[in-house]
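Trainee: quick one: sequence plus predicted model below, questions after.
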Amino acid sequence: MFKADEGIMRCYMRLEEYQRQRLWLERLFHPEKLKWKDAPPPITETKRIRIDELAQMGFGEEYYQKMLTGEQEADKHLQELVEIHPLWPHFERINGIAYKLAGGFIAAGGDINRCPTVSSFWKGMGLDVLPDGTVPRKIRGARNVERKVPALPHVTRLGEQIRQQINRTHGNLHEIYLREKAKYLAKYPERQRHYNHKAGLRMAQKLLYACLWKEWREAYNLSAPQAYAFAILMHESEPITIKDLYDQA
């Protein structure tokens with residue numbers, strides 16, 4: 001794995017763990033910092049005993065402050081690492097993609113050297129599962145492959161965050177989503193609109209991942225063949241590049 005990618009992956013994992021433990025303790029020690037519909041829940045006797053026992057185990061206020069400080073430092077470090085990564089000039093110009101999403105994307109991608117084709121990259125990022133929960137094709141050589149898998153296994157936290165940004169943030173990616181959604185609505189008018197919505201988002205997401213995969217590979221002087229990926233994405237004219245996903249002026 002390239003050093004820059006490994007550094008971001010380690011920092012992102014550290015940030016996630018700091019954040020997880022900070023939130024866990026914050027619900028117990030400082031519920032007033034969280035957003036509640038009404039007032040924070042009262043501290044019951046059971047909860048008080050749990051707080052006392054956690055403190056005796058070393059998970060008290062001091063540990064909470066350590067997690068809070070560590071999260072802040074890891075967040076700052078992640079931003080510094082992402083901003084010198086070869087992909088950052090593209091990330092910062094894509095509407096709705098901030099440094100945390102960029103760091104999560106790079107951390108999830110891992111070793112780009114292990115993804116010689118964009119289809120292998122899609123599979124590693126969880127995009128080989130269709131919106132209806134089926135896989136696109138059987139794995140060559142595999143037997144007894146169950147084509148129907150549990151509902152929405154492809155919805156990773158990072159993938160869902162990116163889909164939300166595509167859906168809610170106006171820009172070129174949102175326009176691509178609307179265009180692809182309209183195609184699915186025309187092709188499957190009887191199907192539930194939810195599936196056409198997810199299919200349109202998935203196409204926009206695959207385009208984003210394909211373009212970033214290409215730029216990522218080429219930044220490290222690795223081959224980035226396009227033919228198969230863009231053929232199955234059915235581009236109507238010239239292949240879409242990363243610059244086509246930038247916000248309009």
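Mentor: Noted; the coordinates are in hand.
Trainee: domain-wise, how is this protein divided?
Mentor: Domain assignment for the chain, taken from automatic domain parsing, gives 1-84, 88-249.
Trainee: format the ones you listed as JSON lines; extra columns: mean neighbour count and mean pLDDT.
Mentor: (Each C-beta comes from the backbone N, C-alpha and C, glycine too.) Output for these, formatted as JSON lines (neighbours: other Cβ atoms under 10 Å; pLDDT from 0 to 100):
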{"stretch": "domain 1-84", "mean neighbour count": "14", "mean pLDDT": "92"}
{"stretch": "domain 88-249", "mean neighbour count": "16", "mean pLDDT": "79"}
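Trainee: my read is residue 84 is in a helix, agree?
Mentor: No - secondary structure assignment places residue 84 outside any helix; it is coil (DSSP: H, G, I helix; E, B strand; the rest coil).
Trainee: that one - nearest residue in space that isn't next to it in sequence?
Mentor: Distances taken as Cβ to Cβ, 6 or more residues apart in numbering place residue 4 nearest to residue 84, at 7.3 Å, with adjacent residues excluded.
Trainee: host element of that neighbour?
Mentor: Following DSSP states H and E, one finds residue 4 within helix 3-29.
Trainee: that helix: what's the following helix or strand?
Mentor: Later in the chain than helix 3-29, the nearest helix or strand by DSSP H and E is helix 45-56.
Trainee: helices along this protein, start to end?
Mentor: Counting by DSSP state H, the chain has helices at residues 3-29, 45-56, 61-82, 88-91, 99-109, 118-124, 157-168, 172-187, 193-219, 227-232.
Trainee: need the ones you listed in TSV (columns: distance to residue 242).
Mentor: TSV is the format used below for the helices of the chain (distance: least, Cβ to Cβ, whole Å):
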stretch	distance to residue 242
helix 3-29	18
helix 45-56	47
helix 61-82	16
helix 88-91	5
helix 99-109	13
helix 118-124	13
helix 157-168	15
helix 172-187	11
helix 193-219	4
helix 227-232	13
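Trainee: those helices: which one's closest to residue 35?
Mentor: Ranking the helices of the chain by proximity to residue 35 (Cβ to Cβ) places helix 3-29 first, at 11.7 Å.
Trainee: nearest residue to residue 31 other than its sequence neighbours?
Mentor: What sits nearest to residue 31 in space, not counting adjacent residues and going by Cβ to Cβ, 6+ apart, is residue 40, at 3.9 Å.
Trainee: look up how far residue 199 lies from that neighbour.
Mentor: As judged by Cβ to Cβ, to the nearest Å, residue 40 and residue 199 stand 41 Å apart.
Trainee: give me the most central residue, this structure.
Mentor: In the chain, the residue lying closest to the centroid (Cα atoms, centre = their mean) is residue 158, at 2.1 Å.
Trainee: list the contacts for that residue?
Mentor: By Cβ atoms under 8 Å, 6 or more residues apart in numbering, the residues touching residue 158 are 101, 104, 105, 108.
Trainee: kindly recompute the last result at 6 Å.
Mentor: 104, 108 (Cβ atoms under 6 Å, 6 or more residues apart in numbering).
Trainee: residue 159 now?
Mentor: Residue 159 is in contact with residue 126, counting by Cβ under 6 Å, 6+ apart.
Trainee: which of the helices of the chain sits closest to residue 246?
Mentor: Residue 246 lies closest to helix 172-187 among these, at 6.4 Å (Cβ to Cβ).
Trainee: got the contact list for the nearest residue to residue 94 once chain neighbours are set aside?
Mentor: Leaving aside its chain neighbours, residue 94 sits nearest to residue 245 (5.7 Å; criterion: Cβ to Cβ, 6+ apart). Residues near residue 245 by Cβ under 6 Å, 6+ apart: 94, 172, 173.
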